[in-house]
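K.L.:
Predicted model and sequence below, questions to follow.
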Amino acid sequence: MILVGRKALNRRSELAHPTVEDLLVEDGGVAEWVAYSKTDQDAQGEETWVPADADDPRYDPVEATRDWLNCLHRFGIDEGPVLRALTVAGTLQSRASATVSGDFVTGDAVNDWIRGRAYAADLPNWQDITAHGLRRGGAQEIADAGGDPTKQGRWKEGSSTVKEEYLDRAQSRAENPWHKVADKQRSAAQR
């Protein structure tokens, strides 16, 4: 969830609602069908490609997704929600008392899982970390690298949030005058 969500720039509601049928796992990446989103209220859907991470298998969304789908398969699940509640014993939680979300988890549950991972990693201010950080952090990293996060994150075309929060900020960082000082010092050191 964390690996795919960060690279797909998913909103927490998008993380909570994929089905097994919405994921196509290939060696080069994971194709995720986002059936609807905040900017797709008509539910026309859109495919998002999440590339594999060959540099470090621990962070590879392909292997993580395959592992989870195999886990679901061992429980006899080959369709329906990808994210499901498990008991402490590692069995599927009974849905006899299911909420309005049915077999799907909620956006709040996704936030709880993200916070739980942040707590386990002993991150400062773990209680303030939410699933939105996956989207925001990924978008900022794309912008800092010179990319356009709207190509991945299903923002509304011409989004002022993307322009002001990610693209303009990245450009301003790249044009920071201290870079010129560092360049001059590197040149002097090379002579």
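P.N.:
Perfect, thanks for sending it. Numbers count the residues shown, from 1 in each chain.

K.L.:
which stretches of this protein have low pLDDT?
P.N.:
By pLDDT under 70, the low-scoring segments of the chain are 36-41, 43, 86, 93-102, 176, 179.

K.L.:
Quick one: the strands in it, in order.
P.N.:
23-26, 29-34, 46-51 (DSSP state E).

K.L.:
which of those sits most buried?
P.N.:
Most buried of those by mean neighbour count (mean count of other Cβ atoms under 10 Å) is strand 29-34; its value is a mean of 19. To be clear about C-beta, it is placed using only N, CA and C from the backbone, and glycine gets the same treatment.

K.L.:
CA atoms only for that one, dumped as CSV, please.
P.N.:
Taking C-alpha atoms only, strand 29-34 is exported to CSV below (Å, rounded to 0.1, in the frame of the first residue of the first chain):
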residue,chain,number,x,y,z
GLY,A,29,5.8,-2.1,-12.8
VAL,A,30,2.2,-2.2,-11.6
ALA,A,31,-0.7,-0.8,-13.6
GLU,A,32,-3.3,0.5,-11.1
TRP,A,33,-6.8,1.3,-12.4
VAL,A,34,-8.1,4.2,-10.3
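
K.L.:
ok, back up a step: for the strands of the chain, give me TSV that also has distance to Lys180.
P.N.:
Listed next are those as TSV, based on distance: least, Cβ to Cβ, whole Å:
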stretch	distance to Lys180
strand 23-26	44
strand 29-34	38
strand 46-51	34
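
K.L.:
neighbours around Arg11, how many?
P.N.:
By other Cβ atoms under 10 Å, 22 other residues sit near Arg11.

K.L.:
Thought Arg136 was touching it, still the case?
P.N.:
No: with contact defined as Cβ atoms under 8 Å, Arg11 does not count as touching Arg136 (10.6 Å).

K.L.:
do you know how far Glu46 is from Leu9?
P.N.:
Here Glu46 is placed at a distance of 12 Å from Leu9 (Cβ to Cβ, to the nearest Å).

K.L.:
what residues do these two have in common as contacts?
P.N.:
Counting by Cβ atoms under 8 Å, 6 or more residues apart in numbering, the common neighbours of Glu46 and Leu9 are Arg154.

K.L.:
these two touch, right, Asp60 and Val4?
P.N.:
No: between Asp60 and Val4 there is no contact under Cβ under 8 Å: 10.5 Å.

K.L.:
So between these two, which is more surrounded?
P.N.:
Val4 (23 against 19).

K.L.:
ok, that one to Leu15 distance?
P.N.:
Val4 is 8 Å from Leu15, by Cβ to Cβ.
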